[in-house]
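Visitor: Would you be able to build a 3D model of this:
(one chain, ligands or ions: 1)
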Amino acid sequence: MSLFTWLVVKGLPLVPKPIVGRVAKRYVAGDTLESALAAIADLNREGAMATMDLLGEEVQDRGKAIKNVEEYERMLEAIAQRGVDSNISVKLSALGQKIDDGFCRENVERILTTARRLGNFVRIDMEDASTTDLTLRLYHDFHARYSNFGVVLQAYMRRTLSDISQLPAVGANVRLCKGIYIEKRTIAFKGHETVRLNFLQALEKLLTRGVYVGIATHDEHLVCGALGLIDRLKVPRERYEFQMLLGVDAEMRRILIAGGHRLRVYVPYGVDWYPYSTRRLRENPEVAKHVIRAFLGGR
Ligand code: FDA
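Guide: Predicted coordinates for the structure are as follows:
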């Protein structure tokens, strides 16, 4: 991390919220469901699909977790009513995982049932390593009953290739990303090139096993590697999609869509944008660098 990046990350709590907000704005659709639906309608017109995320995580109170469940149900109803092309992404810590695992499972099941009734799909984001086992266990337990359910694997985790071996034999659906949290070297690969290598190894293993994959990256080296694998393994278009974050590299988005690939954009919204944005700034110097560049007027 450069001295400049380090200073910004450490000094972030001192930066006035409106200034952080200016930086964070490009990554967030807005405060309301309506703002997210408008952003998604634009993306759909461009040929992209979306996945909607309600900002807010690490919920410690049951009432707040239930409110989040209700908002996700409202989101699913609105997607159906408006006819926009979007599924949803949820964080277990926003649904009470830190309060009680059983309570969290009830909440997930409520969302899965509503999504199934409306013909939609739910993806659980993967959070830090302290939650990986619980998250994968929940995914395995619900997968048999809910086919409209997917999980995330992180290429920086040393366990990922073995987690792929444990996936359900039929109908697994995985988003593969590098991973955003700061983890110990004992459990996570640290080098940029090593994480890239594991991403491509994991992607090959997933595609070979017939798993539906959301290839979530803006790293052109990985996009190129993924395109090579798709070509070599003759993976049909309906077995994979690329995924990108709102506010990042719209040009690559358009290139992939023009190339005939399916592409989904992660669209977060909500008033709790501050922890989401600053967590990324603090936890990942790479993202901090991009945000600083954006703040200084870069792309
Ligand atoms: P990398 O960080 O190397 O970026 C490659 C290039 O993309 C950069 O050089 C830059 O040009 C551009 N770029 C990347 N991020 C940018 C930014 N913020 N602003 C501007 N430009 C940027 N992680 C996790 O742990 N759990 C999860 O559930 C998810 N979910 C998820 C969903 C989706 C759809 C995406 C795209 C990503 C995630 N992630 C995630 C985050 C992921 O793990 C990773 O941290 C980021 O995608 C950045 O990694 P890249 O592969 O893009 O490479």
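Visitor: average pLDDT across the helix ranked longest in the chain?
Guide: When the chain is parsed with DSSP state H, its longest helix is helix 62-82. The predicted model assigns helix 62-82 a mean pLDDT of 97.
Visitor: Residues in contact with whichever helix or strand comes after that helix: which ones?
Guide: For helix 62-82, the succeeding helix or strand toward the C-terminus, using DSSP states H and E, is strand 86-90. Strand 86-90 is contacted by residues 40, 49-54, 72, 75-76, 79, 108, 111, 115, 120-125, 264, 266-267 when judged by C-beta atoms under 8 Å, 6 or more residues apart in numbering. All C-beta atoms are positioned from the backbone trio N, CA, C, and that covers glycine.
Visitor: what's the average pLDDT for strand 86-90?
Guide: 98.
Visitor: Output that strand as CSV, nothing but the C-alphas.
Guide: C-alpha atoms of strand 86-90 as CSV (Å, rounded to 0.1, in the frame of the first residue of the first chain):
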residue,chain,number,x,y,z
SER,A,86,-32.9,-8.6,-11.8
ASN,A,87,-32.4,-11.2,-9.1
ILE,A,88,-31.3,-10.4,-5.5
SER,A,89,-28.1,-10.7,-3.5
VAL,A,90,-28.3,-11.0,0.3
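Visitor: Return the list of strands paired to that strand, each annotated with direction.
Guide: Paired with strand 86-90 in the same sheet, following DSSP bridges, are strand 49-54 (parallel), strand 122-124 (parallel).
Visitor: how many neighbours does the nearest residue to residue 66 once chain neighbours are set aside have?
Guide: Leaving aside its sequence neighbours, residue 66 sits nearest to residue 107 (C-beta to C-beta, 6 or more residues apart in numbering; 7.4 Å). Residues near residue 107, counting by other C-beta atoms under 10 Å, number 23.
Visitor: cool, and residue 140?
Guide: With other C-beta under 10 Å as criterion, residue 140 counts 14.
Visitor: which ones are touching it?
Guide: The contact partners of residue 140, by C-beta under 8 Å, 6+ apart, come to 166, 168.
Visitor: That one should be in a strand, yeah?
Guide: No - counting by DSSP: H, G, I helix; E, B strand; the rest coil, residue 140 is located in no strand; its state is helix.
Visitor: Local confidence estimate at it?
Guide: So residue 140 comes in at 96 (pLDDT).
Visitor: Point out the residues in the stretch 1-150 of the chain that sit beside the ligand.
Guide: 125, 126 (C-beta under 6 Å from any ligand atom).
Visitor: Can you pull the phi/psi pair for residue 170?
Guide: Per-residue torsions, residue 170: phi -130, psi 130 (degrees, to the nearest 10).
Visitor: can you pull out the helices in the stretch 101-250 of the chain?
Guide: Ranges of helices within the stretch 101-250 of the chain are 101-117, 132-143, 160-165, 192-208, 220-232, 250-258, based on DSSP state H, counting those that start in this stretch.
Visitor: For stretch 177-185, buried residues please.
Guide: Buried residues in stretch 177-185, counted by 16 or more other C-beta atoms under 10 Å: 177, 178, 179, 180, 181, 183.
Visitor: Would you mind marking which of those are also close to the ligand?
Guide: Within the buried residues of stretch 177-185, those near the ligand by C-beta under 6 Å from any ligand atom are 177, 178, 179, 180, 181.
Visitor: Please name the nearest non-neighbouring residue to the third one.
Guide: When the adjacent residues along the chain are set aside, residue 179 lies closest to residue 154, with 3.2 Å between them (C-beta to C-beta, 6+ apart).
Visitor: what angle do the longest helix of the chain and strand 49-54 make?
Guide: Per axes from the mean of the first three to the mean of the last three C-alpha atoms, to 10 degrees, the angle that helix 62-82 makes with strand 49-54 is 150 degrees.
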